[in-house]
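*Asks:* 3D model of this:
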Amino acid sequence: MHKVGFFRSIQLKFIIIYILLLLLAVQLIGTFFTSQLEDNLKEGFEDTINNQMELLSYNLELVFNKDRNENEEGRTEEEVVRQEVSDIVAKLTTDDITNVIVVDNQSIIIGTNSNLEEVGQRITREIIQQVLFFDTSQQNTFINQETDETVSVRVDPIVNKEGTVVGAIYLESSLQQGVYNQLDEINKIFFQGALLAITISAIIGVLVARTITKPIKEMRRQAQVMAKGDFTQKVNVYGKDEIGQLSEAFNDLNSRLKHSYATIEEERWKLSSVLSNMSDGVIATDNAGSITLMNEAAGILVGRNPDDMIGDDLLDMLQLEDKLIDISELQDSGSMIIDFSDDNQVFLIRASFSTVKDDENEITGFITVLNDVTEEEKIEQERRDFVSNVSHELRTPLTTMKSYLEALADGAWEDREIAPKFLEVTQNETERMIRMVNDLLQLSKMDADEYPLHKERTEFVEFFHHVIDRFEMHLPETITLNRELPNKRYSVWIDKDKMTQVLDNIISNSVKYSPEGGNINLRLESKQHFLLITIQDEGMGIAYDKLEKIFERFYRADKARTRKFGGTGLGLAITKELVEAHHGRIWAKSREGYGTTIYFTLPLIKKKRRDNK
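*Replies:* This is a model prediction of the structure:
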């Protein structure tokens, strides 16, 4: 479940609704407030201008109505009036009035607060002419094109004591400074206050929204934790309202799920433990043959990762698609041997099948149990081959003995020339069977670990010379033994009798298969931790594909020639067992027509061990 972003959360929705309601209220209040404030400011501004105009009119009327009998300092009356008017206009310091012009009844400017150079000039503004002519006040509003400000203009007449118009007052006042600038400042303050109110409202909205969304978020978070199998946490209950009751119901659901999950988990762990510790492979499938469960042992047997096989077809994995058309045929198969062998290794698996049924006896799946029966089948085949070979090897001498004994019984025993030959053949075959039986007993004891070795420290070069000397006493003159032994001392830990048997078997075979005038080379080399013994003949050699089989029981590279020399086919098998019992290794190299070389190794006694002996 993905985390809900803030911009998609219900908390933001609460805040937006709260702020929108506040903005609507502020907008309504602001509109009404601004409208009323503008009216009040205009009314106050007009009152201020009227008061200024009345005061100015009163002072100017006093100037025009003043009696002047004598001119001060020789100035004319006109000059005195202008001076007094200028003084009165200059004292007008209000910021609301931007321009004041006082004219006489001839439209001659006699005073101004803006451009003094205009004093004495005639002004031709229509609004002033109307006031002078009609003796009525005029008022107008226009927008100054240069400053883009709203300007209010008022012109009042100046009358003397007799009621005659003697002049006019032209007064300009800026509504921008007097009204709209104040209105803008107030709107700015109101806007800042609105922003502050919205900010505070947003904060309050967040707090209010959190009281609603916090329990919901906790339940959502707890649901995610529960989905992962953790039922230890509880949702906090903040009240007794609907959300509080929902939290209590959620906690109750958590407790019930925890109990159910614990029960299921216990059963699952039991099943997992049983499957994991089984040496047999177990595969569970649905009724369509798709794999739903596979333990580690099954994965090892079929050479696949169990996790990767979930959902694959069972028949394809077991390579049974050609043998079975439908998965339902498995229930009739019982068990079968499946060959997973390749060119390098024999590998056989026994698969046993059973069905899984529901309460209505409908098949819902299959259980397949796999066992590695390679060794069993191999042992069984070796047993059959062994029985066959022993039977064959014993039958040949027995058949020969039976034939010669029947001939003797039929009267050949009376023939002094034939009878001794028949008895000699019978004796040779009997000795051959005795040797074969002794070899079989020896191999049987070695297989059952009932053939103990009596090892002792031995100087191998001297021991090897002794064995070769014994052979040379009975060696045919046509065969030569060539010794290539170092003049050093090498100590090994061996059973002398068993090692003598090993050398006898190898050298005897070399003598048997060597041609007349042949040489047998006997070598000894010291390696880092072992001795390498080499026995090389110049016989007929062995084919490459048969070379690894010469150490198997009853195997003969040339059966006719082996029987001619009285061999049992067990000598090299016994030799291999004895060498390996001494922790050595034996192998052979050969080429047909170029002889055979037998190699075997024996571990050297370590220096510290030799020093302690």
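
*Asks:* Surely Ala284 is within a strand?
*Replies:* Yes: assessed with DSSP: H, G, I helix; E, B strand; the rest coil, Ala284 lies in a strand.

*Asks:* what's across from it in the sheet?
*Replies:* Beta-bridge pairing of Ala284 under DSSP bridges involves Leu293, Ile367.

*Asks:* any idea how far it is from Asn295?
*Replies:* Separation of Ala284 from Asn295 (C-beta to C-beta, to the nearest Å): 9 Å. Every residue, glycine included, has its C-beta placed from N, CA and C.

*Asks:* and these two? which has more neighbours close in?
*Replies:* Asn295 (22 against 17; other C-beta atoms under 10 Å).

*Asks:* which residues does that one contact?
*Replies:* By C-beta atoms under 8 Å, 6 or more residues apart in numbering, the contact set of Asn295 is 275-276, 278, 281-283, 306.

*Asks:* Same check on Leu602?
*Replies:* 460, 492, 494, 499, 530-531, 533, 579, 582-584.

*Asks:* before we move on, the earlier item: what's the PyMOL syntax to select whichever of the contacts of Asn295 are buried?
*Replies:* To isolate the buried ones among these in PyMOL, judged by 16 or more other C-beta atoms under 10 Å, type:
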select buried, resi 275+281+282+283+306
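
*Asks:* List the ones among the contacts of Asn295 that fall in helices.
*Replies:* Judged by DSSP state H, the contacts of Asn295 include 275-276, 306 as members of helices.

*Asks:* Let me have the residues you listed in JSON lines, adding distance to Asn344 as columns.
*Replies:* Output for the ones in helices among the contacts of Asn295, formatted as JSON lines (distance: C-beta to C-beta, whole Å):
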{"residue": "Leu275", "distance to Asn344": "30"}
{"residue": "Ser276", "distance to Asn344": "30"}
{"residue": "Pro306", "distance to Asn344": "25"}
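
*Asks:* Next, format these as JSON lines and append pLDDT and distance to Val119.
*Replies:* Listed next are the ones in helices among the contacts of Asn295 as JSON lines, based on pLDDT from 0 to 100; distance: C-beta to C-beta, whole Å:
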{"residue": "Leu275", "pLDDT": "74", "distance to Val119": "118"}
{"residue": "Ser276", "pLDDT": "74", "distance to Val119": "116"}
{"residue": "Pro306", "pLDDT": "81", "distance to Val119": "112"}
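
*Asks:* Between those, which sits nearest Ser137?
*Replies:* Pro306 (107.5 Å; C-beta to C-beta).

*Asks:* if I read this right, that closest one contacts Ala297, doesn't it?
*Replies:* No: using C-beta atoms under 8 Å, Pro306 is not in contact with Ala297; the gap is 9.3 Å.

*Asks:* Next, Ser341: secondary structure please.
*Replies:* Using three-state DSSP, the structure places Ser341 in coil.

*Asks:* Tally up the residues packed near it, please.
*Replies:* Counted with other C-beta under 10 Å, the neighbours of Ser341 add up to 10.

*Asks:* can you pull the contacts of it?
*Replies:* 347-348.

*Asks:* How much space separates it from Asn371?
*Replies:* 16 Å.

*Asks:* try Gln345
*Replies:* Distance, Gln345 to Asn371, by C-beta to C-beta: 17 Å.

*Asks:* Which one of these two is surrounded by more residues?
*Replies:* Neighbour count, other C-beta under 10 Å: between Gln345 and Asn371, Asn371 has more, with 18 against 8.

*Asks:* State the number of residues packed around the residue nearest to that one when sequence neighbours are not counted.
*Replies:* Using C-beta to C-beta, 6 or more residues apart in numbering and skipping residues adjacent in sequence, the residue nearest Asn371 is Arg350, 4.6 Å away. Counted with other C-beta under 10 Å, residues neighbouring Arg350 total 17.

*Asks:* Which other helices and strands does the longest helix belonging to the chain contact?
*Replies:* Criterion DSSP H: the longest helix present in the chain is helix 10-65. Helix 10-65 sits against helix 77-90, strand 97-104, strand 150-159, strand 165-174, helix 181-227, with contacts defined as 3 or more C-beta pairs under 8 Å, 6 or more residues apart in numbering; DSSP states H and E.

*Asks:* possible to save those as a markdown table with mean neighbour count and distance to Gly30?
*Replies:* As requested, the helices and strands packed on helix 10-65 are exported to a markdown table (neighbours: other C-beta atoms under 10 Å; distance: least, C-beta to C-beta, whole Å):
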| stretch | mean neighbour count | distance to Gly30 |
| --- | --- | --- |
| helix 77-90 | 17 | 41 |
| strand 97-104 | 22 | 30 |
| strand 150-159 | 20 | 22 |
| strand 165-174 | 23 | 25 |
| helix 181-227 | 14 | 6 |
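
*Asks:* looking at those, which has the lowest confidence?
*Replies:* Among the helices and strands packed on helix 10-65, helix 77-90 carries the lowest mean pLDDT, at a mean of 74.

*Asks:* now that helix against helix 10-65, angle please.
*Replies:* Orientation check (axes from the mean of the first three to the mean of the last three C-alpha atoms, to 10 degrees): helix 77-90 against helix 10-65 gives 160 degrees.

*Asks:* relative to strand 150-159, how tilted is helix 77-90?
*Replies:* Going by the same axes, to 10 degrees, helix 77-90 makes 140 degrees with strand 150-159.

*Asks:* just how off-centre is helix 77-90 within its chain?
*Replies:* 99 Å (C-alpha atoms, centre = their mean, to the nearest Å).

*Asks:* repeat for stretch 348-368
*Replies:* Averaging C-alpha positions (C-alpha atoms, centre = their mean) puts stretch 348-368 35 Å from its chain's average.

*Asks:* gap between the two ends of it?
*Replies:* The first and final residues of stretch 348-368 sit 15 Å from each other (C-alpha to C-alpha, to the nearest Å).

*Asks:* thinking again about what came up before, looking at the contacts of Asn295, which one is closest to Glu484?
*Replies:* Here the nearest of the contacts of Asn295 to Glu484, counting by C-beta to C-beta, is Gly281; it sits at 54.5 Å.

*Asks:* Nearest spatial neighbour of the closest one, chain-adjacent residues omitted?
*Replies:* In space, and not counting its chain neighbours, Gly281 is closest to Ala298: 3.0 Å by C-beta to C-beta, 6+ apart.

*Asks:* Next, the one you found: secondary structure please.
*Replies:* Three-state assignment for Ala298 (three-state DSSP): helix.

*Asks:* Surely it touches Ile283?
*Replies:* Yes: in this structure Ala298 lies within contact range of Ile283 using C-beta under 8 Å: 5.2 Å.

*Asks:* burial count for Tyr544?
*Replies:* Tyr544, neighbours per other C-beta under 10 Å, totals 11.

*Asks:* which residues does it contact?
*Replies:* By C-beta under 8 Å, 6+ apart, Tyr544 lies in contact with 590-591.

*Asks:* go again using 7 Å as the cut-off
*Replies:* If you count contacts by C-beta atoms under 7 Å, 6 or more residues apart in numbering, Tyr544 has none.

*Asks:* and the gap between it and Thr601?
*Replies:* Tyr544 is 22 Å from Thr601, by C-beta to C-beta.

*Asks:* Check Gly311 too.
*Replies:* For Gly311, the distance to Thr601 (C-beta to C-beta) stands at 52 Å.

*Asks:* And for Asn254?
*Replies:* Distance, Asn254 to Thr601, by C-beta to C-beta: 70 Å.

*Asks:* Comparing Gly311 and Thr601, which shows the higher neighbour count?
*Replies:* Neighbours were counted for Gly311 and for Thr601 using other C-beta under 10 Å; Thr601 has more, 19 against 9.

*Asks:* Secondary structure class of the more buried one, three-state.
*Replies:* strand.

*Asks:* I'd assumed Phe530 was in contact with it.
*Replies:* Yes: look at Thr601 against Phe530 with C-beta atoms under 7 Å: they come within range, at 4.6 Å.

*Asks:* Measure how buried Thr112 is and give me the count.
*Replies:* For Thr112, the neighbour count with other C-beta under 10 Å is 22.
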